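can't give you the sequence, but here's the structure:
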């Protein structure tokens, strides 16, 4: 059965039962119960027929009607039994239960229709009339009950409960009417039903207050309207709309709503006037307007509600103004847009400006073009119904379509809360109109640009230096740009096979290109070809584009360019990058590349590969004496001799300066490299003629040292180079003009030397050095007057090491400077300690050796000055020992430094005098105080008359120059006697004492030591 038939039958039933109710007053008990319960049942029938999404509110409405009917039936039953119903009675319990049930149902309708959100504007619109009608209810209905003197407290509370329930129901129905969705249909019917309930309740309350209530009067019509319309609305299909979201909520105020709100706002003043007039007339009895506080409070509440509503409207106005400004900005951006990407960026910016601050939203510009037709429109729809794009997790979205000039349409989806979308929808509609105009303008501009570009590119092709050919499928030229004449020497190429234009040695490459095209290889770049132009070869680089499917071309497009000069330049640059500019030999980079390749092949084949390092022995002298131009001639001549000797089977390279390298191709033994080294040494030993800047011919030596290494001793190419370099180092050390082969022990010695250098620096940082002291004795009475500081290395694994083990390595690495500075400070500190601890000590000075590298430092004098200051030592306590070689080199600087030291009060000694290039002149010129005779002079003084005479002459010379003499290495008493007889004042050696630790020196410096037999 259709719902229309059910509604018709239900309407007939209501009319019939209402007629019986008023026609038969004695049957009120039964007719009223039939009327009420049938309406409650009809609500359930409507739920079953229409199947709303949420049935709970309807069940509450059915329960409310049933409670109302139950209360009435009980009331009628008491009357039928001839008794007067008590007040409050059992029926009032059911009556009062109706209001919370109805309120709960209506509140559920409001929440569901609002989509779970809130509509502040609708709530304020509902509260204003609610407060106004509530004020009326208080003044004319509730307040009289509270002031009635014949009612008990319980009777007053029950009496007040009815109007309060009515006001609560009124608030809910007004909230529904001001909320989202259409006002007709089920909502209107439900509102009329509630009005019937409220009207009857009002008259019933007044009748109760005046004790004039009578059953079966016209007041019952309001309740009949309530019953019947509630059942009727449940049978309407539109009842489903009450339990589903009602769509977007409106934030504006129509004229009707403003009228009703204004009317409601005037209720309080009107009541106040009526109360005042009534109070003035009965001023004696009532004492004035007694409800003034309530009226004032109601007026204040309505005033605040109206202010809140005005504030909402002002906020909406500001947001509308902001959206209008955003549209103007978007219009400016869109006007400047030149591409679809610019339009999309402008839309994103406009969306960010249109959306209210702080509101989350999601924008999805669907990238692909949707095929089909669509209007330029913006629709609000649930997210589940959006056909393209995403709402970003929001329940509702604005879905906009935009027709495109090239066909199809674009899609924009904006997801946000429903209220926000409803507010911004007009702005997005306006934005869509602007976007449509801009897209049309861009399309027209592109079309104009395309037509202009055709003429532009036609001119470019006519003027381009590159040749552009269009070929048919068979390789015949269909079109050739004018620049073809310059490339091929002819311009009439149309109809000619492309293969006829290409040189014979490039035909194979051309056939490979055709093969790749037939295999659908696509575009090809960097094709190297060649052509003949009037007997001259032209190098060509070609790019090919397969445009046979393009309707505007339908052919193969080849772009050709002349790269002859570029190829020549590339070859020259490549040669320069891998060859020496002076000799034309390979450079270090090319030599190393070839060596690595040859080494890999030799390892694979089990053969032997050799490398020779060649270094000119006296090249620096040639450069210094004859000039660099002559040196270049020598290098070129040496390179030519090396190339002539090694032949075409080996590679020669200039590694830098006067150093060359030869790669000896693989053989079965190492003899080939050694034999070639011997031949090279002999060939380069022959004098070479060079011409000076003045035209003079000179004979110079090209003699060289050669280092030989083979792959049998190396793990890789880099190690092989290092071995050859070590062998060259050995060859130069053993005497120039020869060759030496790499030996493993040579490598080990170099490794040890490097390890020693590293260990020395660590030793300085870790303070591993110590100082021993050897006494210096006066030969006449054997009294110790001084000590010589001797450094020792307390090695963590090798024990105590003398200078022989590390001084040479320290000199080479520069560590000797740090070691010497430490020894100087330690010796001065120790000597100052001795002098402070013993007043009767015979010690007058400490002697410290200074290396040449240490002395030549720019600040050595300052180092000595600082050491004296830090240790508290006096300058006359220090004797610095320097070597003859230091005195003979850089004489002017050495003289200045020695004078600076002497000015401090420090004395200077020449150590190992007589072992170097001794010169008597420097003894007179240099500020020297002491000569120390080397042990080699003392060893044979007793057995060699010449040696005895030489030492005697040196001592005599020193006395004449006012120099003191210290003889080193005295080990025999006869040596002591002979030196004392010659007049030598001082000596040191094992005869007197070995090097000693600091703690042993003070005892010897008091009592002369006894002679020690060694």
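Cool, got the structure. Note that the coordinates shown come from a computational prediction; the quantities given were computed from them, not determined experimentally.

helices along the stretch 501-650 of the chain, start to end?
507-518, 564-578, 588-605, 619-626, 628-646 (DSSP state H, counting those that start in this stretch).

chain center to the last one: distance?
This points to helix 628-646. Here the centre of helix 628-646 is set off from its chain's centre by 56 Å, with C-alpha atoms, centre = their mean, to the nearest Å.

show me what that helix is packed up against.
strand 608-616, helix 619-626, strand 651-656, strand 659-667, helix 671-685, strand 688-691, strand 697-700 (3 or more C-beta pairs under 8 Å, 6 or more residues apart in numbering; DSSP states H and E). To be clear about C-beta, it is placed using only N, CA and C from the backbone, and glycine gets the same treatment.

quick one: closest of the ones you listed to residue 293.
In terms of C-beta to C-beta, the element of the helices and strands packed on helix 628-646 nearest to residue 293 is strand 651-656, at 110.2 Å.

could I get the buried residue list for that closest one?
Within strand 651-656, the residues that qualify as buried are 651-655, counting by 16 or more other C-beta atoms under 10 Å.

who touches the spatially most central residue of the chain in this structure?
Closest residue to the average C-alpha location of the chain: residue 345 at 25.5 Å, with C-alpha atoms, centre = their mean. Contacts for residue 345 (C-beta atoms under 8 Å, 6 or more residues apart in numbering) come out as 333, 337.

average pLDDT for the one helix or strand it maps to?
Using DSSP states H and E, residue 345 sits in helix 340-354. In this model, helix 340-354 has a mean pLDDT of 84.

give the buried residues for that helix.
Those buried within helix 340-354 under the rule 16+ other C-beta under 10 Å are 343-344, 346-347, 350-351, 353-354.

low-scoring pLDDT stretches of the stretch 551-700 of the chain, where are they?
Within the stretch 551-700 of the chain, the segments meeting pLDDT under 70 span 668-670.

again, 80 this time
Across the stretch 551-700 of the chain, residues meeting the criterion (pLDDT under 80) sit at 551-553, 566-567, 569-577, 624-625, 648-649, 665-670, 693-694.

hang on, residue 19 in a helix?
Yes: the assignment for residue 19 by DSSP: H, G, I helix; E, B strand; the rest coil puts it in a helix.

ok, residue 731 - contacts?
Contacts for residue 731 (C-beta under 8 Å, 6+ apart) come out as 705-707, 738-740.

could you tell me which of those residues belong to strands?
Using DSSP state E, the subset of the contacts of residue 731 located in strands is 705-707, 739-740.

got TSV for those residues, with pLDDT too?
Shown next, in TSV, are those (pLDDT from 0 to 100):
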residue	pLDDT
705	91
706	92
707	91
739	89
740	88
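
dump the residues you listed to JSON lines, plus neighbour count and distance to residue 368.
JSON lines is the format used below for the ones in strands among the contacts of residue 731 (neighbours: other C-beta atoms under 10 Å; distance: C-beta to C-beta, whole Å):
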{"residue": "705", "neighbour count": "25", "distance to residue 368": "78"}
{"residue": "706", "neighbour count": "29", "distance to residue 368": "75"}
{"residue": "707", "neighbour count": "26", "distance to residue 368": "73"}
{"residue": "739", "neighbour count": "25", "distance to residue 368": "78"}
{"residue": "740", "neighbour count": "22", "distance to residue 368": "78"}
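
which one of these sits closest to residue 489?
Of all those, residue 706 has the smallest distance to residue 489: 56.1 Å, by C-beta to C-beta.

from residue 683, how far off is the closest one?
Applying C-beta to C-beta, to the nearest Å, the value for residue 706 to residue 683 is 11 Å.

just residue 926 next, same as before
Distance of residue 926 to residue 683, given as C-beta to C-beta: 49 Å.

got it, and residue 388?
Using C-beta to C-beta, we find residue 388 at a distance of 87 Å from residue 683.

and what of residue 847?
Applying C-beta to C-beta, the value for residue 847 to residue 683 is 55 Å.

okay, these two: which has more neighbours?
Using other C-beta atoms under 10 Å, the more surrounded residue of residue 847 and residue 683 is residue 847, with 24 against 15.

what strands line up against the one helix or strand the more buried one maps to, and which way round?
Secondary structure assignment for residue 847, by DSSP H and E: strand 845-849. Strand 845-849 has the following sheet partners, assigned by DSSP bridges: strand 784-795 (parallel), strand 878-883 (parallel).

who does residue 410 bridge with?
Partner residues in beta bridges with residue 410, using DSSP bridges, are residue 402.

from memory it sits against residue 402, does it?
Yes: at 4.6 Å, residue 410 and residue 402 qualify as touching, with contact defined as C-beta atoms under 8 Å.

that older thread, next one: the residue nearest to the centre of the chain from residue 363, what distance?
12 Å.

on that earlier part again, between the helices and strands packed on helix 628-646, which one is closest to residue 557.
Comparing those by their distance to residue 557 (C-beta to C-beta), the top pick is strand 651-656, with 46.0 Å.

quick one: the closest one to helix 564-578, angle?
If you take axes from the mean of the first three to the mean of the last three C-alpha atoms, to 10 degrees, strand 651-656 sits at 70 degrees to helix 564-578.

now the angle from strand 651-656 to helix 628-646?
In terms of direction (the same axes, to 10 degrees), strand 651-656 departs from helix 628-646 by 160 degrees.

which residue ranges of the stretch 301-450 of the chain form strands?
For the stretch 301-450 of the chain, the strands defined by DSSP state E, counting those that start in this stretch occupy 362-365, 377-382, 396-403, 409-416.
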